[in-house]
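Asks: Need coordinates for the following:
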Amino acid sequence: MCNLRSRRLLCYTILAAIQPCVLGDVSLSDLGFAPENILPYLIRALILLTMLPVHEFAHGFAADRLGDDTPRAQGRLTLNPFAHLDWTGSILIMLIGIGWGKPVSVDMRNFEHPRRDMAVTALAGPLSNLLLSFFLMILYKILLASSPQYALASNSALIADILGTLCFYSIMLAVFNLIPLPPLDGSKILGILLPQKIYWAMLRYQRQITFVFMLLLIFRVLTFPIQFATSWVFIFFDRITMPVEWWIQLWTRS
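Replies: This is a model prediction of the structure:
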């Protein structure tokens with residue numbers, strides 16, 4: 001939901017998504033998955049076809065429901081990934097793993113309560129990625145529990161690893177966008193909590209804040225916090241979906 005000038009900041013989301021994901025010395029493999037066995041180009045393609053379109057569609061859908069028809073007029077109320085892809089950013093993602101998606105345009109003037117509705121619209125994107133992650137975790141558990149020979153069945157193992165890896169990266173996309181700094185969604189969510197004077201000051205100095213944010217990314221100051229938060233959400237989803245795995249195991253044994 002960034003403006004066109006800020007769209008390239010989304011490339012850092014994808015960059016973070018293809019980096020080794022660790023919590024201290026705990027890798028994704030230690031959590032039960034083996035992303036090193038997944039073809040990187042396949043993962044990048046699936047990121048383009050699932051996470052980014054779901055994220056942008058959620059922004060557009062929320063804005064439309066709250067009174068702004070700009071996303072509808074621009075054809076963004078669809079899960080068709082090609083409506084949400086920036087072709088230059090997409091090609092770069094496939095080639096080098098760094099790129100960006102096409103931001104959804106929102107006109108705050110069409111909202112009845114501009115600050116509140118903008119915050120809700122901003123929250124819709126990360127929330128959609130968390131819901132997608134939860135769904136992917138459930139699919140992973142179903143496949144794992146219904147395949148007794150999982151460890152020996154390479155095809156099932158590959159599919160399960162893809163699901164688990166995409167689940168992790170979708171969480172990371174949500175966590176990244178919840179950082180409360182412009183131009184990310186978190187800054188718009190934070191706006192509803194700030195006094196109006198501070199809120200407008202943040203908008204006035206958005207370019208300078210964005211520059212500082214890019215420096216934090218370049219020098220990897222935010223790497224550990226993003227990975228830490230992502231890992232804990234991933235573990236939380238893994239724990240709360242354990243009943244699905246137990247139920248499938250009981251069902252297959254009966």
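Asks: Show me what the helix or strand residue 115 falls within is packed against.
Replies: Using DSSP states H and E, residue 115 maps to helix 114-145. Using 3 or more CB pairs under 8 Å, 6 or more residues apart in numbering; DSSP states H and E, the elements in contact with helix 114-145 are helix 52-65, helix 154-177, helix 185-191, helix 223-240, helix 242-253. For the C-beta atoms, the positions are set from N, CA and C on the backbone; glycine is no exception.
Asks: avg pLDDT for it?
Replies: Throughout helix 114-145, pLDDT has a mean value of 94.
Asks: so where is the stretch 51-200 of the chain shaky, pLDDT-wise?
Replies: The stretch 51-200 of the chain contains residues with pLDDT under 70 at 97-99, 147-156.
Asks: gap between the residue nearest to residue 106 when sequence neighbours are not counted and residue 110?
Replies: Leaving aside its chain neighbours, residue 106 sits nearest to residue 63 (4.8 Å; criterion: CB to CB, 6 or more residues apart in numbering). Distance, residue 63 to residue 110, by CB to CB, to the nearest Å: 8 Å.
Asks: ends of stretch 59-77, how far apart?
Replies: 9 Å (CA to CA, to the nearest Å).
Asks: List of residues touching that stretch?
Replies: Under the criterion CB atoms under 8 Å, 6 or more residues apart in numbering, residues 1, 56-57, 83-84, 104-108, 110-112, 117, 120-125 lie in contact with stretch 59-77.
Asks: hmm, 10 Å instead?
Replies: 1, 53, 56-57, 78-79, 83-84, 102-114, 116-118, 120-128, 185 (CB atoms under 10 Å, 6 or more residues apart in numbering).
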